[in-house]
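Undergrad: Provided below for reference: sequence and predicted model.
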Amino acid sequence: METRQQQDLELWRKWKKTHSTKDLEILMDRLHPLLMREVNKWKGSVPVEALETEAKLLVVAALQDYNPSKGAAIGTHITSRLRKLSRSVYTQQNVVRLPENKQLMYNTYNIAHVNLTEKLGREPTILELRDETGWSKKHIAGLQTDYNRKQYTESDGIFGDTHKEDDNITYFYHSTLAPQDQKLFESITGFGGAKTLKNTELKRKFKMTQGQISHRKNKFVKDLKRIQRGEF
């Protein structure tokens, strides 16, 4: 009799071969209990619906870059990726404090993003998000950049005041970063309207290993915290 891990792997291989919406839905349904187990760890902090939306994005991303040759089971790989839900908790808590119209925009963007990601089996483009939401490309790009930047900075509790955040990030970017690091920072956070890139895209664009990228991200966070404390 096949183990659950073997069954998971067969379903994953079938989806990777066909890239069909139906096969992805079957795989997502099977993984749903695992997804909800992680979501329930944070329920009460923010609405469960918002966390589940973020969790679905993380699971699809994990399925896309899963590599069975590395030895980890699919469930283990996904559980590891779902630890990033803690970042979503901080971001969603901040969203809840926004005016109702802003909350609605963020939530609408997230739902559209999840629906398209599940349907396409990949990250949707701005044009696809435009067709899904009916918003302009400029509006989506601005919202996407703002959301990604908040998720990156606020997940580490760097800033408490929005205006101070903007001032400190601008100072950090122009006064402390070398040109190559400026480009990396832009690609991670969307600063200045840049397109945010996934880790695989960052590694390819900057010819860096995952370890090197993680080191630079940690350095950015530490330096931003030092700026907040007035140590620069």
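TA: Here it is on my side, so go on. Numbering: from 1, shown residues only.

Undergrad: Could you list the low-confidence segments of this structure?
TA: Scanning the chain for pLDDT under 70 picks out the ranges 1, 44-47, 86-104, 107, 145-168, 193, 227-232.

Undergrad: go again using 90 as the cut-off
TA: Within the chain, the segments meeting pLDDT under 90 span 1-6, 16, 18-25, 37-65, 68-72, 77, 79-204, 208-232.

Undergrad: Find the centremost residue of it, please.
TA: Leu58 (6.9 Å; C-alpha atoms, centre = their mean).

Undergrad: That one and Lys84 touch, don't they?
TA: Yes - judged on C-beta atoms under 8 Å, Leu58 makes contact with Lys84 at a distance of 5.8 Å. Heads up, the C-betas are built off the backbone N, CA and C, glycines and all.

Undergrad: residue contacts, Leu129?
TA: Tyr109, Ala112, His113, Leu116, Trp135, Ile140, Gln144 (C-beta atoms under 8 Å, 6 or more residues apart in numbering).

Undergrad: Can you flag which of these belong to helices?
TA: Judged by DSSP state H, the subset of these located in helices is Tyr109, Ala112, His113, Leu116, Ile140, Gln144.

Undergrad: Any idea how many residues pack against the fourth one?
TA: This means Leu116. 19 (other C-beta atoms under 10 Å).

Undergrad: Report all helices and strands that the helix or strand where Val39 lies contacts.
TA: Taking DSSP states H and E as the criterion, Val39 maps to helix 21-40. For helix 21-40, the contact count by 3 or more C-beta pairs under 8 Å, 6 or more residues apart in numbering; DSSP states H and E identifies helix 4-18, helix 48-65, helix 74-82, helix 100-120 as packing neighbours.

Undergrad: Flag every buried residue along the longest one.
TA: It stands for helix 100-120. By neighbour count on 16 or more other C-beta atoms under 10 Å, the buried set for helix 100-120 is Met105, Tyr106, Asn107, Tyr109, Asn110, Ala112, His113, Val114, Leu116, Thr117, Glu118.

Undergrad: Please tell me how far the residue nearest to the centre of the chain sits from His113.
TA: Computed as C-beta to C-beta, to the nearest Å, the Leu58 to His113 distance reads 12 Å.

Undergrad: Alright, that wraps it up for me.
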